[in-house]
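>>> no sequence on this one, just coordinates:
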C-alpha cells in the first residue's frame with residue numbers, strides 16, 4: 001500500500017495536476033505517518049512547499065507530528081510536542097480540528 005501511494009504521488013508529480021497532486025501528497029503523508037517514517041514525512045512536506053508551492057495545512061502538519069510520534073527516532077515524542085508547541089505559538093494548531 002505504501003509503495004502504491006508513493007507511486008501515485010510520483011505519477012501526479014509527473015502530470016503536475018494541482019488537486020490530484022495535493023491529494024497524492026496527503027495520502028503519501030498519511031502512509032508515512034502510519035509507518036512512523038518521520039524522515040519521509042519531512043521530505044514530502046519539503047517537496048510540497050519547495051518544489052510545488054503547495055500549502056502545508058493542518059492535515060499535513062498533523063501527519064508529520066504523527067510520524068514523529070510513531071517513529072523509532074530517539075526523542076520522537078518530545079520533538080513532536082516541541083513542534084506542536086512552536087506551531088501553536090505561531091497561531092497554528094493542527095489539532096484544533098480533531099479536538100473534541
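Great, that's in hand. Because the structure is predicted, anything quoted here is derived from the model rather than measured.
>>> so who does the closest residue to residue 6 other than its chain neighbours touch?
In space, and not counting its chain neighbours, residue 6 is closest to residue 28: 5.7 Å by C-beta to C-beta, 6 or more residues apart in numbering. Quick note: C-beta positions are derived from backbone N, CA and C, even for glycine. With C-beta atoms under 8 Å, 6 or more residues apart in numbering as the criterion, the residues that contact residue 28 are 5, 6, 8, 9, 40, 44.
>>> top of those by neighbour count?
Each of those was scored by neighbour count (other C-beta atoms under 10 Å); the top score is that of residue 44, with 26 neighbours.
>>> was I right about that one contacting residue 32?
Yes: the criterion here is C-beta atoms under 8 Å, and residue 44 meets it with residue 32 at 6.3 Å.
>>> residues of the lengthiest helix in the chain that come out buried?
Longest among the helix segments of the chain by residue count, using DSSP state H, is helix 18-35. Within helix 18-35, the residues that qualify as buried by neighbour count (16 or more other C-beta atoms under 10 Å) are 21, 22, 24, 25, 26, 27, 28, 29, 30, 31, 32, 33.
>>> for those, give me a markdown table that also has distance to residue 51.
As requested, the buried residues of helix 18-35 are exported to a markdown table (distance: C-beta to C-beta, whole Å):
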| residue | distance to residue 51 |
| --- | --- |
| 21 | 10 |
| 22 | 13 |
| 24 | 13 |
| 25 | 10 |
| 26 | 16 |
| 27 | 17 |
| 28 | 14 |
| 29 | 15 |
| 30 | 20 |
| 31 | 19 |
| 32 | 17 |
| 33 | 20 |
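>>> closest to residue 81 out of those?
Residue 81 lies nearest to residue 33 out of these, by C-beta to C-beta, at 15.9 Å.
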